[in-house]
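[1] the sequence isn't on hand, but the structure is:
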């Protein structure tokens, strides 16, 4: 089977970049709106982890999703 030639791009803090590398999104439960909210994508896991920990310290359920490029 031939490899897909699709190219995926994401918005990265005002710029557009390829998704060939790993990307991390941070999700958390927003009780005021009763839905999951996200931030990112982040290139560095540690950066995403800091955001997640900030929410956890405040008692908000949060998690990281990684996308392989």
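    In hand now; what should we look at? This is a predicted model, so every value here is computed, not measured.

[2] helices or strands next to the strand or helix carrying residue 47 in the packing?
    Assigned by DSSP states H and E, residue 47 falls within helix 45-57. With contacts taken as 3 or more CB pairs under 8 Å, 6 or more residues apart in numbering; DSSP states H and E, helix 45-57 sits against strand 23-30, strand 35-42, strand 62-67. Heads up, the C-betas are built off the backbone N, CA and C, glycines and all.

[3] pick the most buried one from the ones you listed.
    strand 23-30 (a mean of 18; mean count of other CB atoms under 10 Å).

[4] strand partners of that strand, parallel vs antiparallel please.
    Here strand 23-30 is paired, per DSSP bridges, with strand 35-42 (antiparallel), strand 62-67 (antiparallel).

[5] returning to that earlier point: the helix holding residue 47 vs strand 62-67, what angle?
    Per axes from the mean of the first three to the mean of the last three CA atoms, to 10 degrees, the angle that helix 45-57 makes with strand 62-67 is 160 degrees.

[6] buried sites along helix 45-57?
    For helix 45-57, burial by neighbour count (16 or more other CB atoms under 10 Å) applies to 48, 51, 52, 55.

[7] which residues are in contact with residue 31?
    residue 60 (CB atoms under 8 Å, 6 or more residues apart in numbering).

[8] where does it fall, phi/psi-wise?
    phi -60, psi -30 (degrees, to the nearest 10).

[9] quick one: residue 29 and residue 64, what's the gap?
    Look at residue 29 and residue 64: by CB to CB, to the nearest Å, they are 14 Å apart.

[10] what does residue 24 give?
    Taking CB to CB, one finds residue 24 at 6 Å from residue 64.

[11] give the residues shared as contacts by the two.
    45, 48.

[12] give me the neighbour count for residue 68.
    Residues lying near residue 68 (other CB atoms under 10 Å) number 8.

[13] with adjacent residues omitted, what lies nearest to it?
    residue 22 (5.7 Å; CB to CB, 6 or more residues apart in numbering).

[14] just give me the neighbour total for the one you found.
    So residue 22, with other CB under 10 Å, has 14 neighbours.

[15] identify the residues contacting it.
    Contacts of residue 22 (CB under 8 Å, 6+ apart): 43, 45, 66, 67, 68, 69.
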